[in-house]
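1. Need coordinates for the below:
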Amino acid sequence: MPDAPLTLSVVIPAHNEAEGITGTLRTFAARLRAEAIPFELLVVDDHSTDGTAAVLAALAGELPELRRVDNPRPGGFGHAVIAGLEAFAGDAVAIVMADASDDPADLVTYYRTLASGYDCVFGSRFVRGARVVDYPRHKLLLNRVANGFIRLLFGLRLNDVTNAFKCYRREAIEGCRPYLSKHFNLTVELPLKAIVRGYTYAVVPINWYNRTSGVSKLKIKEMGSRYLFIVLYVWLEKVLSRGDYRKPQHAAPDR
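-> Here you go, the predicted model:
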């Protein structure tokens, strides 16, 4: 008897995304339905004041897979995502931005790759087959410098650690706790911990599109030291913890 398909939870943090989130939810729902992937859309309302909650309520009848939870912690991307990671119901979870910067076709690739046996699937916008549309030049330069530093420090083949859009089995999410990041630096903490703790991963090319509505919540000047803190924290775990937090290895059954 074949195994049941993985159920996918799509966690979408949303702070004041009333203007653009409807399109994001509709396009992801349509694509996942077309691919017969069992899923839920879990939007974490991060203290929005622009009517995001009302927009989500209006979509409830149209999108039965949609569920909303509030971020019970102080506002911040990391806090919102962690609230989603505590509430998701699926066997696997993908973090997707509310601003339509991520491609639903790539989420299908994530799901199919994860189902082939990996613990995590990470996209890269900077490998052959990827496409980046309207990435601000100054952000692109900082991205390449930051990712180059992380690759050198950890010896990684992954060259796009900082992007939030990634997919994890539930076991990897549970195995990477506790989470320390309160802001966008969670986008780095999650994949680095998964790698350091021994969870398997695949890297696939993905597309990325700059938002066309709303306002970006990433404040680069506020994030530099936070990114560095969490990178060095995970690096110290890798160097000094002697494997205390690594993925449990199950012994082979006696024959």
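2. How are the helices of the stretch 151-255 of the chain distributed by residue range?
-> Using DSSP state H, counting those that start in this stretch, the helices of the stretch 151-255 of the chain run over residues 170-175, 186-196, 220-240.
3. residues making contact with the second one?
-> Put plainly, it is helix 186-196. Outside helix 186-196, the residues within contact range by Cβ atoms under 8 Å, 6 or more residues apart in numbering are 77-78, 81-82, 95, 119-120, 122, 150, 154, 156, 158, 161-164, 166, 168, 172, 175-176, 179-181, 201, 227, 230-231, 233-234, 237-238, 245-246. C-betas here are computed from N, CA, C, even on glycine.
4. likewise stretch 97-111?
-> 6, 8, 10, 12-14, 17, 20-21, 23-24, 27-28, 30-32, 35, 37, 43, 92, 94, 96, 121, 123, 164-167, 204, 206-214, 216.
5. Next, the buried residues of it.
-> Neighbour counts over stretch 97-111 (16 or more other Cβ atoms under 10 Å) mark 97-104, 106-111 as buried.
6. Closest to residue 138 out of these?
-> Comparing those against residue 138 with Cβ to Cβ places residue 101 closest, at 17.0 Å.
7. hang on, the earlier thing: I'd like the helices of the stretch 151-255 of the chain as JSON lines, with distance to residue 140 appended.
-> Output for the helices of the stretch 151-255 of the chain, formatted as JSON lines (distance: least, Cβ to Cβ, whole Å):
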{"stretch": "helix 170-175", "distance to residue 140": "29"}
{"stretch": "helix 186-196", "distance to residue 140": "16"}
{"stretch": "helix 220-240", "distance to residue 140": "12"}
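8. most tightly surrounded among those helices?
-> Of those, the one with the most neighbours on average (mean count of other Cβ atoms under 10 Å) is helix 186-196, at a mean of 24.
9. I'd like to know which of the helices of the stretch 151-255 of the chain lies nearest to residue 67.
-> Of the helices of the stretch 151-255 of the chain, nearest to residue 67 by Cβ to Cβ is helix 170-175, at 16.6 Å.
10. so what secondary structure elements neighbour the closest one?
-> strand 92-95 (3 or more Cβ pairs under 8 Å, 6 or more residues apart in numbering; DSSP states H and E).
11. so after the strand it packs on, what's the next helix or strand?
-> Sequence-wise, the next helix or strand downstream of strand 92-95 (DSSP states H and E) is helix 104-115.
12. CA atoms of the helix or strand following that following helix as PDB?
-> Helices and strands here follow DSSP H and E; after helix 104-115, the next one along the chain is strand 120-124. The C-alpha coordinates for strand 120-124 follow below in PDB (Å, rounded to 0.1, in the frame of the first residue of the first chain):
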ATOM      1  CA  CYS A 120      14.700  20.200   3.600                       C
ATOM      2  CA  VAL A 121      14.700  21.900   0.200                       C
ATOM      3  CA  PHE A 122      16.400  25.200  -0.300                       C
ATOM      4  CA  GLY A 123      16.000  27.400  -3.300                       C
ATOM      5  CA  SER A 124      18.700  29.500  -4.800                       C
END
